[in-house]
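A.B. asks: next comes the sequence, and after it the predicted model I'd like to discuss.
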Amino acid sequence: MLATLDGVRDAGFKPAVACPLQGPLAAELRQRSVPVVAWHAHDENGARFPLPLLRERLTSLLQEAQPNLLHANSLS
């Protein structure tokens, strides 16, 4: 995904990325001036949230952001 950011911007999109707020991905995105939106698939103990809850949260996030383009790694 990081490798595509310049091309996405060159195509006229304004990328924003939903991911955990802490960690190397978020740090790299901030360094590239890409907005980071909080997205957590795991609780503070490392347990994955139930899939129905993740789907509900992702639906809400997408309804709020209304992106023109979406890239998703995996929700399985």
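C.D. replies: Thanks, I have the structure now.

A.B. asks: relative to A3, how far out is the nearest residue to L2 once chain neighbours are set aside?
C.D. replies: Spatial nearest neighbour of L2, excluding adjacent residues (C-beta to C-beta, 6 or more residues apart in numbering): E28 at 6.3 Å. Any C-beta I mention is one placed from the backbone N, CA and C, and that applies to glycine too. Using C-beta to C-beta, to the nearest Å, E28 is found at 11 Å from A3.

A.B. asks: tell me the pLDDT of the residue in the chain sticking out farthest from the centre.
C.D. replies: Using C-alpha atoms, centre = their mean, the residue of the chain lying farthest from its centre is N45. It sits 20.5 Å away. The confidence metric pLDDT takes the value 96 at N45.

A.B. asks: surely it forms part of a helix?
C.D. replies: No: judged by DSSP: H, G, I helix; E, B strand; the rest coil, N45 forms no part of a helix; its state is coil.

A.B. asks: just give the number of residues close to the residue nearest to L2.
C.D. replies: Around E28 there are 14 other residues, counting by other C-beta atoms under 10 Å.

A.B. asks: so what pLDDT did it get?
C.D. replies: E28 is given a pLDDT of 96.

A.B. asks: touching, it and M1? I think so.
C.D. replies: No: counting by C-beta atoms under 8 Å, E28 sits too far from M1 to count as a contact (10.3 Å).

A.B. asks: name the SS class of the residue nearest the centre of the chain, please.
C.D. replies: In the chain, the residue lying closest to the centroid (C-alpha atoms, centre = their mean) is A18, at 1.9 Å. Put simply, A18 is strand when judged by three-state DSSP.

A.B. asks: measure the closest residue in space to it that isn't next to it in sequence to L70 for me?
C.D. replies: Sequence neighbours aside, W39 is the residue nearest to A18 in space, at 3.7 Å (criterion: C-beta to C-beta, 6+ apart). As judged by C-beta to C-beta, W39 and L70 stand 13 Å apart.
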